[in-house]
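In: sharing a model that was predicted from the sequence below.
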Amino acid sequence: MSFFLFQASLAAYLLAAAAYLVFFLTSRNEVRRIAHGIFLAAALLHTVNILARYVEAGHTPITSHHETVSFFAWSLAACYLSFRWRYTVKNLGVFVSVPVVALMLVAAFSSRTILPLAPALQSWWLPVHASVTLVANGFLALACVGGIMYLLQEREIKSKRFGLFYSRLPSLEALDKLNHHCLSVGFPLLTLGLVTGSIWAKQAWGAYWHWDPKETWSLVTWFLYAAVVHQRFTVGWRGRRAAILSIIAFLSVLFTLWGVSFLLEGVHSYAA
């Protein structure tokens, strides 16, 4: 059942991305409404898929590569919908639907085998730590997407050659507010994820920190975002610098999620 729901949500995300692209090219409001409706339906199907996977596995489905990437895609979709519920950022759906589809395709080609939980993972800290961290990554991914849009729009304005993006992207001020909002939510959640992970490590292995590769890179990522938040909210960095820093810091998120898991051996490695 969960496999069917996953396939259905993937198909719906693909349709939503195609509809968003049509809206991006045509600027027809009826197409935008259709695209948003399909994306919302895809996210709801994805939510039911995760719940069905939970029933089948008997534990929170955030332990394998397939489950983690799928949950990351769901987090990004949910963060986008929560942001859109309060704010309107022109054509943000186009730029969000593409990475959501990419993540879903990665999950689709990953093993969907449900394996027994290792003893250390048999804890209620699993849903707390893992879900909070991945939702934080969703907001930070949204900040990265906004940063990319900011740089594209700024380039159009500075070149004074108003091409494909200028009339279709939001103002620089709106994109800067997007960055501000996502960092304001994402960084505290990232901090909470780090703290809950440390408490879980103490419970499972007897110490708060082991300098496992993923723990180390999680700390590196946290310091990068701490620097971004400090420069943004204390020093007053905005605009281009904030956008670039958000993109660079998110590369560390991706390496922590994938690079460490496959390239460096440790207790968090999927290969292990």
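Out: In hand now; what should we look at?

In: after the helix or strand containing E173, next one along is what?
Out: Taking DSSP states H and E as the definition, one finds E173 inside helix 172-205. Using DSSP H and E, the helix or strand that follows helix 172-205 towards the C-terminus is helix 213-230.

In: distance from stretch 178-190 to the middle of the chain?
Out: Its chain's average C-alpha position is 12 Å from that of stretch 178-190, according to C-alpha atoms, centre = their mean, to the nearest Å.

In: return the set of buried residues in the helix holding E173.
Out: Neighbour-count burial for helix 172-205, counted by 16 or more other C-beta atoms under 10 Å, picks out 172, 174-183, 185-187, 189-194, 196-198, 200-201, 204. Where C-beta positions appear, they are placed from N, C-alpha and C, glycine not excepted.

In: output the contacting helices and strands for it.
Out: Applying 3 or more C-beta pairs under 8 Å, 6 or more residues apart in numbering; DSSP states H and E, one finds that helix 172-205 makes contact with helix 65-86, helix 125-159, helix 213-230, helix 239-254.

In: quick one, that helix and helix 239-254 angle?
Out: Calculated by axes from the mean of the first three to the mean of the last three C-alpha atoms, to 10 degrees, helix 172-205 forms an angle of 30 degrees with helix 239-254.

In: shift numbering so it begins at 5
Out: I'll keep to 5 as the first residue from here, and by that count the last item is helix 176-209.

In: run the angle between helix 176-209 and helix 129-163 for me.
Out: Between the direction of helix 176-209 and that of helix 129-163, the angle (the same axes, to 10 degrees) works out to 160 degrees.

In: related to what we said a few turns ago, now for the helices and strands packed on helix 176-209, which one comes closest to L29?
Out: Distances from L29 to each of these were compared by C-beta to C-beta, and the smallest falls on helix 129-163, at 15.5 Å.

In: what mean pLDDT does stretch 199-206 have?
Out: Within the predicted structure, the mean pLDDT of stretch 199-206 is 85.

In: before we move on, what about stretch 28-39?
Out: Computed over stretch 28-39, the mean pLDDT rounds to 90.

In: for stretch 49-67, same thing?
Out: Summarised as a single mean, pLDDT over stretch 49-67 is 90.

In: with adjacent residues omitted, what lies nearest to A231?
Out: Once flanking residues are discounted, A231 sits nearest to L249: 7.4 Å by C-beta to C-beta, 6 or more residues apart in numbering.

In: and the one you found, how many neighbours?
Out: Close neighbours of L249, defined as other C-beta atoms under 10 Å, add up to 22.

In: same thing with V264?
Out: If you count neighbours by other C-beta under 10 Å, V264 ends up with 21.

In: isn't it right next to P217, touching?
Out: Yes. The pair V264 and P217 passes the contact test of C-beta atoms under 8 Å, sitting 4.9 Å apart.

In: can you get me a residue count around K162?
Out: Per other C-beta under 10 Å, the neighbour tally for K162 reads 9.

In: where does it land on pLDDT?
Out: Residue-level confidence at K162 comes out at 81, pLDDT.

In: check P120 too.
Out: What the model reports as pLDDT for P120 is 78.

In: give me the distance between it and T67.
Out: For P120, the distance to T67 equals 10 Å [C-beta to C-beta, to the nearest Å].

In: just P131 next, same as before
Out: As judged by C-beta to C-beta, P131 and T67 stand 11 Å apart.

In: now do T225
Out: Per C-beta to C-beta, T225 is found 20 Å from T67.

In: what about these two, which has more around it?
Out: Summary of the neighbour comparison: T225 and T67, criterion other C-beta under 10 Å, with T225 having more neighbours (24 against 19).

In: now that one. Nearest residue, chain neighbours left out?
Out: S256 (4.3 Å).

In: hang on, the residue nearest to A231 packs against A230?
Out: No. Between L249 and A230 no contact is recorded; they are 11.3 Å apart, counting by C-beta under 8 Å.

In: number of residues surrounding F143?
Out: Residues near F143, counting by other C-beta under 10 Å, number 26.
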